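Asks: I'll drop the sequence and a predicted model, then ask my questions.
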Amino acid sequence: MKMARQFPLNAMRVFDAAARHGSFTKAGEDLGMTQTAVSYQIKLLEDLLGEPLFLRRPRQIVLTEIGQRLAPKVAEAFGILSDAFASLQNDAEGTLVISATYTMASRWLAPHLGSFHLQHPTVAVRLLTDQHLVDFSREAVDVAIRYGDGNWPGLARHRIMELTFTPMLSPKLAASVGGIHKPEDLLKLPIFDPTDPWWVQWFAEAGVPGVDLSDRPHTYLGTQTLEADTVMGGHGVAMLNPEFFANDVAFGRLYQPFDIACADGKAHWLVYPESRRNIPKIRLFRNWLRSEAPTFID
């Protein structure tokens with residue numbers, strides 16, 4: 001039980017080097033230790049085992065029978081540890097784990113990631129989607145793309161793009177109410193999400209201040225993607241980011257009745273701990289984003 005509680009890992013490391021080199025002096029050179037320090041560690045191990053591990057002879061050390069039995073086992077154990085560490089290190093260097101909101105991941109990042117793979121085929125990517133803010137100290141995530149004002153102490157951050165918003169709906173729904181000719185026409189339709197402050201801001205920008213949506217049914221879908229899917233089905237109008245849904249507008253699945261797009265000063269940011277700034281896979285991803293996102297700001 002004493003061995004289990006006080007396993008002499010450092011002494012084992014010294015013993016392995018001395019057994020391989022057949023010399024305390026060469027073992028010390030290998031480990032950056034003095035010969036005296038090597039002898040001390042070997043003595044600690046021998047005292048713990050109650051058996052000598054080496055026969056000390058002039059200008060030579062020779063493994064005892066106990067030492068000969070122990071040496072290959074210790075070498076094998078350190079080999080296993082070395083292989084395990086190397087494997088984990090390769091995984092850490094070769095797989096980039098990205099956390100992003102579902103809408104950002106599905107509507108912008110995923111469609112662009114193909115070019116990252118082409119440029120860096122040795123870097124695997126694992127994309128996680130979640131609405132919560134990643135805790136880098138507790139979660140196995142390398143980088144995150146967050147939406148906000150960029151005020152996250154302790155994190156390196158780079159602005160990817162400003163998020164603008166404007167009302168969108170299905171062309172058929174617009175036609176069903178005789179068309180959307182002025183901003184007030186949107187008030188004829190169900191609105192997702194009426195508690196979203198973007199609505200009040202957009203209507204004020206469009207020349208309709210003081211709009212009160214408090215009596216509307218509170219329908220909260222959680223992500224722009226779900227809101228877009230709902231309004232494409234003809235069930236109402238949602239405040240969406242034109243850049244995320246440009247293809248849906250181009251193919252007639254969504255209709256953007258006004259060119260007025262607002263911003264609230266927030267943006268999408270690439271973030272990661274400052275201490276990870278120079279990790280190769282993060283540097284590659286950061287440089288790729290810089291070329292891929294026209295409004296990327298360091």
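Replies: Sure thing, it's come through.
Asks: what's residue 248 sitting at in phi/psi?
Replies: Backbone geometry at residue 248, expressed as degrees, to the nearest 10, gives phi -70, psi -40.
Asks: how near is it to residue 241?
Replies: Counting by CB to CB, to the nearest Å, the gap from residue 248 to residue 241 is 11 Å. (C-beta placed from N, C-alpha, C; glycine too.)
Asks: now swap in residue 101 and tell me
Replies: 11 Å.
Asks: Packing partners of the longest strand along the chain?
Replies: Across the chain, the longest stretch assigned as strand under DSSP state E is strand 155-168. Packed against strand 155-168 by the contact rule (3 or more CB pairs under 8 Å, 6 or more residues apart in numbering; DSSP states H and E) you find helix 197-205, strand 237-240, strand 262-273, helix 280-292.
Asks: Strands of the protein, start to end?
Replies: According to DSSP E, the strands that the chain contains are 54-57, 60-63, 95-100, 124-129, 143-148, 155-168, 191-192, 237-240, 262-273.
Asks: Would you format those as a markdown table with mean pLDDT included?
Replies: Converted to a markdown table, the strands of the chain look like this (pLDDT from 0 to 100):
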| stretch | mean pLDDT |
| --- | --- |
| strand 54-57 | 90 |
| strand 60-63 | 91 |
| strand 95-100 | 94 |
| strand 124-129 | 93 |
| strand 143-148 | 93 |
| strand 155-168 | 93 |
| strand 191-192 | 92 |
| strand 237-240 | 96 |
| strand 262-273 | 93 |
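Asks: so of the helices and strands packed on strand 155-168, which one's packed in deepest?
Replies: For these, the largest average neighbour count (mean count of other CB atoms under 10 Å) is found in strand 237-240, namely a mean of 25.
Asks: Give me the contact list for that strand.
Replies: 165-169, 173, 186, 189-193, 196, 198-199, 202, 224, 227-228, 230-231, 254 (CB atoms under 8 Å, 6 or more residues apart in numbering).
Asks: and if we set it to 7 Å?
Replies: Contacts with strand 237-240, where a contact means CB atoms under 7 Å, 6 or more residues apart in numbering, come from 165, 167-169, 186, 189, 191-192, 196, 198-199, 202, 224, 227-228, 231.
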